[in-house]
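In: sharing a model that was predicted from the sequence below.
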2 protein chains.
Amino acid sequence: MTKRYASSTDVANLAGVSQSTVSRCFGGDTKVSPEVKARVLAAAEKLAYRPNLLPRIMLTDQSKIVAFVTGGLHNPFYSRVLEEFIKRLQDMGCQVMVFHVESDDSLDAVAPRLSGYRVDAIVSALSVLTDTALEQFTKLGIPLISFNTRLQKKGLYSISSDNMLAGQLAARHLIEEGGQRLAFIGGPDNNPANIDRCHGFTKEAQKHGITPVILNDEFTFAGGARQAAKLFAMSQQPDAIFCADDLIAMGVIDTLWRTSGIKHPDTLRVVGCDDIPQASWAPYDLSTIQQDENAMINRAISILEKIYADTLEEEDGQYMVECHMVVRSSSKTGVLLPARTI
Amino acid sequence: MTKRYASSTDVANLAGVSQSTVSRCFGGDTKVSPEVKARVLAAAEKLAYRPNLLPRIMLTDQSKIVAFVTGGLHNPFYSRVLEEFIKRLQDMGCQVMVFHVESDDSLDAVAPRLSGYRVDAIVSALSVLTDTALEQFTKLGIPLISFNTRLQKKGLYSISSDNMLAGQLAARHLIEEGGQRLAFIGGPDNNPANIDRCHGFTKEAQKHGITPVILNDEFTFAGGARQAAKLFAMSQQPDAIFCADDLIAMGVIDTLWRTSGIKHPDTLRVVGCDDIPQASWAPYDLSTIQQDENAMINRAISILEKIYADTLEEEDGQYMVECHMVVRSSSKTGVLLPARTI
DNA sequence: TTGTATGCGTTATCAT
DNA sequence: ATGATAACGCATACAA
């Protein structure tokens, strides 16, 4: 590959000044005489000079790059979070490098790059942060912010919703609305958020003498559809379902549409979790537990700012964000069915 | 900021060898005696040595970083594309740095970073690539791949659907289905894809003696909802709508649900564009023009491969991907209404 | 096989 | 105000 860029030395030669002077012209606040500066700028323009940021990284041990590790952007929750992160970090003068991790294996490919590019911090937006993965990350010695998975270890920062509360709120609401046969459809059963939501839900239901049916699948539309089919085939169909995320809930509702398996839709109450934009779309009008995304993102950003300011404190380690019920019609009047079959 | 990482020199000192030897141990194919290598690896382990990739970038003029410039990940089309890109590039040994650009202003902040981090290529996934933006990018001298916006200039690579065809297909289909009063709801009227879709749609409609109503807004759900409200308030309501993307179409259908303004939903046919996952969700069951996303991504990846192999040819400049109609019920039996109002 | 020396493009320090 | 020099961490050509 041929030489792509002119260096400050090239510019210096053309302008007849020293390399340091060129550096000063682009550095900002140092003093350069107007005539010289003009000459340098002209030379730079002619050579299409673009300052290289990499040497600075080596000198300062700061790349201004934050790694965002995701397991899937198909979930609108995560793509929104990512977008917000990018905007905020960009304003802070930082870049976002996004990595995709599907399994612990793919981590082996990713880990060396995180350190290789000297990213200043890692934001894990993995729905499942396994112990292996966690260890891989921590071994790198890079500050790790875990989004959605609660962690205890010190030196690690975790931000999550109060997922137990989410489950409790859902159960309480569904029972208040008249639900008697409760069900939970969740994501992977090794996912901490899923576990907490399920636990909070079950505990609250049991307070009312109800033991919910529990099914786990993926955090996807398809997962919801699959498990709903199972539920609707049961002899005692549930009349109130809490889904561990909105996509699952939508998959459930879709299955209902397609099969019309429930004769009296008014009696099926569905609650999701996340409050993604699609939840408020009219045909679903999904009651859901709203995660305070903004609070979560704000928190993550504030930790990043502290990392850059080098003012992190012990108590910054764990952060739990409140969540609350957003009541829409999917749990009040039940799930709607179309006027005619498709 | 304190020194974060051990360097190859640190490892060399501890292992009692020269820095070059350490380099060789991590470099791969060069010869190092087993005993020495073991000693070096042990020292590296003890110091938690992570090779720094940045010097290599300076030496080779290759960062293995590809910039992905987006205007919004809320659109599932783009978040899917991004995810796919990340996966594919990761397999190629490359990283993706994502930048968010909302206006030509925010470009000024982004442009110096693209060159500053020495990204090897820029993928623009902007829905609107303005002339100013284009110029900013090209000035950097970095290979530019425009996703969705057709470009003529040489040295630039563009990949797009055949958007004229998309419009034609939609018009033909809607008319075949009995549509007589056609409407088009599009995104920004400076967006090339939007212009082409509108043009193809209008031309085909006129062949059949129909002049469609044309409305433009944003490429969002909200935009569709807004314009639908206008349409439904017209004295002569349209009976067939082509929306320039699926989100718009879903916004239209939602407005219909909420207002129940159209008395006989069987007579309203809606077609979208993109075929995002949500399009096949039961309540919408949206007929749409499927963009061959995979073909587009494959093409982009193949250009990137050529960039890395330095084998780009003249004819790689422009690429247009076929698209085709996916017929679902929103255009066949019309848009569904719920069994009862919400 | 291993060590020495040089260079990549900056910024910062020191001297002029 | 400007120039010379060192340093960041690595890879490579060359010497041993």
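Out: All right, it came through fine.

In: checking the residue of the stretch 201-342 of chain A with the smallest separation from DNA strand C next. Helix, strand or coil?
Out: Closest to DNA strand C within the stretch 201-342 of chain A is A:Tyr308: 15.3 Å, counting by C-beta to the nearest atom of the strand. For glycine as for every other residue, the C-beta is placed from the backbone atoms N, C-alpha and C. Here A:Tyr308 is recorded as helix under DSSP: H, G, I helix; E, B strand; the rest coil.

In: residue contacts, it?
Out: With contact taken as C-beta atoms under 8 Å, 6 or more residues apart in numbering or on different chains, A:Tyr308 is in contact with A:Gln62, A:Met92, A:Asp120.

In: can those residues go into CSV with extra columns for secondary structure and pLDDT?
Out: Below are those laid out as CSV (DSSP: H, G, I helix; E, B strand; the rest coil; pLDDT from 0 to 100):
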residue, secondary structure, pLDDT
A:Gln62, coil, 96
A:Met92, coil, 96
A:Asp120, coil, 97
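
In: up against DNA strand C, what does chain A have?
Out: With C-beta under 7 Å from any atom of the strand as the criterion, chain A meets DNA strand C at residues A:3, A:5, A:7-9, A:19-20, A:23, A:26-27, A:49-52, A:55-56, A:58-59.

In: switch to 10 Å and redo it
Out: For chain A, the residues in contact with DNA strand C (C-beta under 10 Å from any atom of the strand) are A:3-12, A:18-30, A:44, A:49-60.

In: which SSE is the residue in chain A that chain B sits nearest to in?
Out: Relative to chain B, the nearest point of chain A is A:Pro283 (3.2 Å; C-beta to the nearest C-beta). Of the helices and strands defined by DSSP states H and E, none includes A:Pro283.

In: hmm, A:Val252 and A:Gly223 touching each other?
Out: No. Using C-beta atoms under 8 Å, A:Gly223 is not in contact with A:Val252; the gap is 9.7 Å.

In: what does the residue of chain A closest to chain B show for phi and psi?
Out: phi -70, psi -30 (degrees, to the nearest 10).

In: which residues does it contact?
Out: Contact partners of A:Pro283, counting by C-beta under 8 Å, 6+ apart, are A:Leu336, B:Ile253, B:Asp254, B:Trp257, B:Pro283, B:Tyr284, B:Pro338.

In: hmm, try it at 10 Å
Out: With contact taken as C-beta atoms under 10 Å, 6 or more residues apart in numbering or on different chains, A:Pro283 is in contact with A:250, A:253-254, A:257, A:330, A:335-336, A:338, B:250, B:253-254, B:257, B:281-284, B:336-338, B:342.

In: can you select the buried ones among those residues for me in ChimeraX?
Out: Per 16 or more other C-beta atoms under 10 Å in any protein chain shown, the buried members of the contacts of A:Pro283 correspond to this ChimeraX selection:
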select /A:250,253,254,257,330,335,336,338 /B:250,253,254,257,281,282,283,284,336,337,338
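
In: what number of residues lie near the closest residue to A:Leu247 other than its chain neighbours?
Out: Excluding the flanking residues, the one nearest A:Leu247 by C-beta to C-beta, 6 or more residues apart in numbering or on different chains is A:Phe221, at 4.7 Å. By other C-beta atoms under 10 Å in any protein chain shown, the residues close to A:Phe221 number 24.

In: mind listing what A:Phe221 touches?
Out: A:74-75, A:245-252, A:254, A:278, B:277-278, B:280-281.

In: A helix includes A:Asn194, no?
Out: Yes. Under three-state DSSP, A:Asn194 falls within a helix.

In: was I right about it contacting A:Asn216?
Out: Yes. With contact defined as C-beta atoms under 10 Å, A:Asn194 counts as touching A:Asn216 (7.1 Å).

In: which residues are common contacts for the two?
Out: Counting by C-beta under 10 Å, 6+ apart, the contacts common to A:Asn194 and A:Asn216 are A:Phe184, A:Gly186, A:Gly187, A:Pro188, A:Ala244.

In: just the residues you listed that are near chain B?
Out: Among the shared contacts of A:Asn194 and A:Asn216, not one lies near chain B by C-beta under 10 Å from any C-beta of the partner chain.

In: of those - the most surrounded one?
Out: For the shared contacts of A:Asn194 and A:Asn216, the largest number of neighbours (other C-beta under 10 Å) sits with A:Ala244, at 33 neighbours.

In: read off the pLDDT value for that one.
Out: pLDDT, A:Ala244: 97.

In: scan the contacts of A:Tyr308 and report the most crowded one.
Out: Going by other C-beta under 10 Å, A:Asp120 tops the contacts of A:Tyr308 with 22 neighbours.

In: and the residue in the stretch 101-250 of chain A positioned nearest to DNA strand C, which of the three is it?
Out: Here the residue of the stretch 101-250 of chain A nearest DNA strand C is A:Arg118; by C-beta to the nearest atom of the strand that distance is 13.2 Å. Judged by three-state DSSP, the three-state class of A:Arg118 is coil.

In: number of residues surrounding the spatially closest residue to it that is not a sequence neighbour?
Out: Once flanking residues are discounted, A:Arg118 sits nearest to A:Ser63: 4.5 Å by C-beta to C-beta, 6+ apart. For A:Ser63, the neighbour count with other C-beta under 10 Å is 22.

In: which ones are touching A:Ser63?
Out: Residues near A:Ser63 by C-beta under 10 Å, 6+ apart: A:53-54, A:56-57, A:94-95, A:97, A:117-121, B:54, B:117.

In: interface residues of the stretch 151-300 of chain A facing chain B?
Out: Within reach of chain B by C-beta under 10 Å from any C-beta, the stretch 151-300 of chain A has these residues: A:220-222, A:225, A:247, A:250-251, A:253-259, A:265-266, A:277-278, A:280-285.

In: out of these, name the ones that lie in strands.
Out: Counting by DSSP state E, none of the members of these fall within strands.

In: near DNA strand D, from those residues?
Out: Among these, proximity to DNA strand D is found for none (C-beta under 10 Å from any atom of the strand).

In: and the strands in chain A?
Out: Going by DSSP E, chain A shows strands at A:65-70, A:95-100, A:121-125, A:144-147, A:156-161, A:182-186, A:213-216, A:240-243, A:269-274, A:287-291, A:318-321, A:323-326.

In: do you know which of these lies nearest B:Val81?
Out: Among those, the nearest to B:Val81 by C-beta to C-beta is strand A:95-100 (12.7 Å).

In: read off the pLDDT value for the nearest residue to A:Leu41 once chain neighbours are set aside.
Out: Excluding the flanking residues, the one nearest A:Leu41 by C-beta to C-beta, 6+ apart is A:Cys25, at 6.6 Å. The score at A:Cys25 is 94. That number is its pLDDT.
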